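In: 3D model of this:
(one chain, ligands or ions: 1)
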Amino acid sequence: MLHEDTKQQEQARVDRTVTQVDKRLTVINQQLANAYNETKDIEQRYGDNTKVNITEVDDRMETNAAVQQQKQLVAAAVENEKLLTSQQARLTDLVNSPYFGRIDITEDGETESLYIGTATFIDDQDNFLIYDWRAPVSSIYYNGTLGPVTYETPNGPVKVDLKLKRQFKIQNGQIEHVFDTNETVGDELLQSVLGEQSDEYMQNIVATIQKEQNDIIRDTTADLLIVQGVAGSGKTSAVLQRIAFLLYHSRSQLEADQMVLFSPNRLFSHYISEVLPSLGEKNMRQVTMAEFLSHRFSGLQVENLFDRFEKDQTSFPEMTQAMRRYKESAAFMHAIEAYVKQASTQPLAFNDLYFEDRPFFTKDQMNQIYLALPANMLPGNKFLATKNTLIKRLKRQINLEVHLDWVAEKIDTLTDDAYRTIVGDREFDSGDDEQAFIAREIVQSYFAPLYESIYNDYFLDESTEYQHFLSGACPADIPTKVWDAMIRQVADNNERHIVGLSDASPILYLRDLLTDSGQNHGIQYLFIDEMQDYSIAQFVYIHHAFPNAKLTVLGDYAQDVFTATYQTGHFIDQLTAAFPRLKINQISLTKSYRATAPITNFAKALLPKEIALQAFSRDGRLPRVIETPNDQALATLTQEIRHLQAEHATVAILTKNQQVAHQLYASLTLDEHVTLISETTRSLPKGILILPLYLAKGLEFDAVIGYDISRKTFGAQSDVDLLYTLVTRAMHDLTLIGVDQLSPLIVALPTDIYTTLQSTKQSI
Ligand SMILES: Nc1ncnc2c1ncn2[C@@H]1O[C@H](COP(=O)(O)OP(=O)(O)OP(=O)(O)O)[C@@H](O)[C@H]1O
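Out: Predicted coordinates:
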């Protein structure tokens, strides 16, 4: 415990800091009010200016220049206002809680106290009253134990002596807790943070980042950073802090929109959306794999992971599994690369390009152009050259067409409005010039659909090309008959405008390599959460699609919900083997923070013994396991909901799939409102929720009821990944209900890690 005097001195320092911050805030508020008025003023003048008479040509030009100038003024004023608003938000946060840490360091015989918070604050006399948590020196706070420590700066490592590490919890400018600590950023504070009830939004962890998490946040050397972390170890939290860190350190070269996070679903996107704003940063772009694929296959429907998972549960023969394993491997993507290399000497699967119901360019014509190009040209260049020839031929046709009678007739019948739309405010030297211009515009818009088709590469029939590739790609362990049936299925899907999930990345890869397109060079960083939900083939494709992006990939192979039934081998080994040329750093997190120790220990017992998983020492009740006969199942569930609801704001009932979730929702009769969460749900209310566990990935709830965890539903050994994911969603309380007969996965556990309840009556 700290001495009372020390506490008072610290409170006095908080008061001094808050006064300075408050003073600055008053100035900013005033500037913001002025900026607001200025913007309004300019907008008003801008509005008046546009009302100037624009019938006279000279006036019109003058107005244009004036309007341009006003537009720039408005843009500058709006930008200024935005900047001030973000400063206002930052300072308001600091007034409430200026910092959370202090370090005393000695360098060259001089000792300095540095206070660490969410943003830097320098007073009018240039004193650093608060250091940003991302400043190089702040890493000592997260990494260093008392004694000699080194921290990295842009000018190389610096050695200092760490004399003191102090933690604060400050609310409304008042110190609520303060204590000194040596090694980790204190357990005490972590205990109190983790014991809180869940929220609709994830919280930032800036005040309590742990050492290994700090390594993830501050890694600047890896091209591919792989984080394997047990459930609840703070992977998602660390990666969001990492984004804030990168934005701070590369402010001049990096914008939030040059970072993309692949997230598991929209619900998750919503859940994490407040973390970066709470750290004073803009959110990065977010996309789900399903959205990314659909966008790239515009017009086709790509099978999604959830639907496939539901289908797999009805039927998933061994041969289909083997084929899927192959199609999702790096080897399959390499086979595509090899195929493309030899493609430049073979005819390509082109589409006839139709115009007005007749072929304008036939595939044969296209292949004549393509194959006449030098054989040693790269396929992508060959394709581009073919495309250019098609465009040239189309232009030639347009040049001929402008002189035809139908065009002159069309010009004669143009209405005044249509005429003005075409001409705009252009001026012509002669009537003939004007006539020629209009004729060209008319012909070009007539051929526009054809031009678009060429421009967007629609003349490549990627599905047929893919089938052609497949026909020579059958691996030795799969019977040709089965493989051929799969190819027919791909063709059939294509007829129905559907793309199977395991075909999606290979087809895109094939298309991109053949057409030398599909690469986005602007994205600098890519973050992929829940890595175990992605196939290696998808990783290969993503890396191809964002060639300049450094990758941070995080997940937990024990939470392999979607592919556990058919995937074999070690995921991370396969991932690293797929990228031999990248500098790879791997970090493993083994301590779980989310749940109470009894829940984490229960989860650990489900995993193979060799998996390291350590519970953060937070007390709680043992998980409850209830076996109930079918005719009492609903009554048991209802009772358990009541029981948990008495203590928790949110009780989530997690089911194996959507179908069970729907059935439960229809049959539960409670007085309280129950929310059924589906794939399209965007936000997470409090109360009683029902959802399939795959939608709960990455989320957490105060209390979780697993329903139903019986022999029927969780009977196979491969279901253990699902069950592990399910139980690790709980923060404070966990109940598992098995109908008729408990799952053997639970029966196999030591009985002292949970409480058993046999029937409805006893569970009250
Ligand atoms: N250093 C920390 N300080 C405070 N809270 C933390 C810390 N690390 C993790 N947590 C909390 O632990 C919980 C789990 O964190 P997070 O969701 O980031 O873990 P995860 O590894 O992504 O989990 P999962 O793989 O199970 O989805 C969250 O409530 C988070 O706020």
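In: which bits of the stretch 51-200 of the chain sit near the ligand?
Out: Contact residues, the stretch 51-200 of the chain versus the ligand (Cβ under 6 Å from any ligand atom): 190, 193-194. Any C-beta I mention is one placed from the backbone N, CA and C, and that applies to glycine too.
In: redo that, cut-off 5 Å
Out: Within the stretch 51-200 of the chain, the positions near the ligand by Cβ under 5 Å from any ligand atom are residue 193.
In: do you know how far the closest residue to residue 285 other than its chain neighbours is from residue 604?
Out: Leaving aside its chain neighbours, residue 285 sits nearest to residue 260 (4.8 Å; criterion: Cβ to Cβ, 6 or more residues apart in numbering). Distance, residue 260 to residue 604, by Cβ to Cβ, to the nearest Å: 34 Å.
In: all strands for the stretch 551-700 of the chain, in order.
Out: Secondary structure of the stretch 551-700 of the chain (DSSP state E, counting those that start in this stretch): strands at 584-589, 591-592, 614-615, 624-628, 650-655, 674-676, 687-692.
In: winner for burial among these?
Out: The highest mean neighbour count among these, using mean count of other Cβ atoms under 10 Å, belongs to strand 650-655: a mean of 26.
In: touching the ligand at all, it?
Out: No - judged by Cβ under 5 Å from any ligand atom, strand 650-655 makes no contact with the ligand; its nearest approach is 12.9 Å.
In: Contacts made by that strand with the rest, please.
Out: By Cβ atoms under 8 Å, 6 or more residues apart in numbering, the list of residues contacting strand 650-655 from outside reads 197-198, 637, 641, 644-645, 661, 664, 686-693, 696, 701-708, 726, 729.
In: Would you show me how to pick out the buried ones of those in PyMOL?
Out: To isolate the buried ones among those in PyMOL, judged by 16 or more other Cβ atoms under 10 Å, type:
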select buried, resi 198+637+641+644+645+661+664+686+688+689+690+691+692+693+696+701+702+703+704+705+706+707+708+726+729
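In: On the three-state scheme, residue 269 is what?
Out: helix (DSSP: H, G, I helix; E, B strand; the rest coil).
In: Tell me how far it lies from residue 45.
Out: The value you get for residue 269 to residue 45, if Cβ to Cβ is used, is 41 Å.
In: who has more neighbours, those two?
Out: residue 269 (17 against 14; other Cβ atoms under 10 Å).
In: okay but the more buried one is in contact with residue 286, surely?
Out: Yes - the pair residue 269 / residue 286 is scored as a contact, 4.8 Å apart, by Cβ atoms under 8 Å.
In: Show me the common contact partners of the two, please.
Out: residue 263.
In: how many neighbours does the nearest residue to residue 272 once chain neighbours are set aside have?
Out: Distance criterion Cβ to Cβ, 6+ apart; nearest residue to residue 272, sequence neighbours excluded, is residue 202 at 4.9 Å. By the measure other Cβ under 10 Å, the count of residues near residue 202 is 21.
In: Relative to residue 627, how far out is residue 41?
Out: For residue 41 relative to residue 627 (Cβ to Cβ), the value is 73 Å.
In: Could you pull out the buried residues of whatever helix or strand residue 399 lives in?
Out: For residue 399, the host element (DSSP states H and E) is helix 379-401. Going by neighbour count (16+ other Cβ under 10 Å), the buried part of helix 379-401 is 379-380, 382-387, 389-390, 394, 398, 401.
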